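>>> only geometry, no sequence info:
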């Protein structure tokens, strides 16, 4: 499993102009930031390689992290970004936490399907990242 995380990007005071007082203050102090991340899982089933990927952006303020709209900023989380040649990937659950929290899980539960010599093969997998209010990603592990 490979997890990549961008460097933090600060929201500038100019970008925060006209928003709530707490957002403008956090931007002026340099504490309102975002990070983009991606996580991919690669393996093979029946000798055919497969890849699944999920990615997103989360915002954080030192205390809270969020992907849904909070303090006029919105992050995102997408699944089903793998590549398929000779197999199919079926996403069973792509988490979408609501609101803001001190930390939350973003996960991608999926199944890989392959028919090899008229024998159906499948495996269930899950990838997880856990954004925190301080901008770190914790528990970037398999979530079986």
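Nice, thanks for sending it over. None of the values given here were measured: they were computed from a predicted structure.
>>> beyond the helix or strand bottoming out on mean pLDDT in the chain, next helix or strand please.
The weakest-scoring helix or strand in the chain, judged by mean pLDDT, DSSP states H and E, is strand 100-101 (a mean of 59). Helices and strands here follow DSSP states H and E; after strand 100-101, the next one along the chain is strand 106-116.
>>> tell me which residues of that next one come out buried.
Across strand 106-116, burial judged by 16 or more other C-beta atoms under 10 Å covers 106-110, 112, 114. For glycine as for every other residue, the C-beta is placed from the backbone atoms N, C-alpha and C.
>>> please tabulate the residues you listed in JSON lines, including the columns pLDDT and distance to residue 64.
Below are the buried residues of strand 106-116 laid out as JSON lines (pLDDT from 0 to 100; distance: C-beta to C-beta, whole Å):
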{"residue": "106", "pLDDT": "89", "distance to residue 64": "15"}
{"residue": "107", "pLDDT": "91", "distance to residue 64": "19"}
{"residue": "108", "pLDDT": "93", "distance to residue 64": "23"}
{"residue": "109", "pLDDT": "93", "distance to residue 64": "25"}
{"residue": "110", "pLDDT": "92", "distance to residue 64": "29"}
{"residue": "112", "pLDDT": "87", "distance to residue 64": "35"}
{"residue": "114", "pLDDT": "80", "distance to residue 64": "42"}
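>>> can you lay out those as a markdown table showing distance to residue 29?
Shown next, in a markdown table, are the buried residues of strand 106-116 (distance: C-beta to C-beta, whole Å):
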| residue | distance to residue 29 |
| --- | --- |
| 106 | 26 |
| 107 | 32 |
| 108 | 34 |
| 109 | 38 |
| 110 | 40 |
| 112 | 45 |
| 114 | 52 |
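>>> tell me the one among these nearest to residue 79.
residue 108 (4.2 Å; C-beta to C-beta).
>>> burial of residue 51, as a residue count?
Using other C-beta atoms under 10 Å, the number of residues around residue 51 comes to 16.
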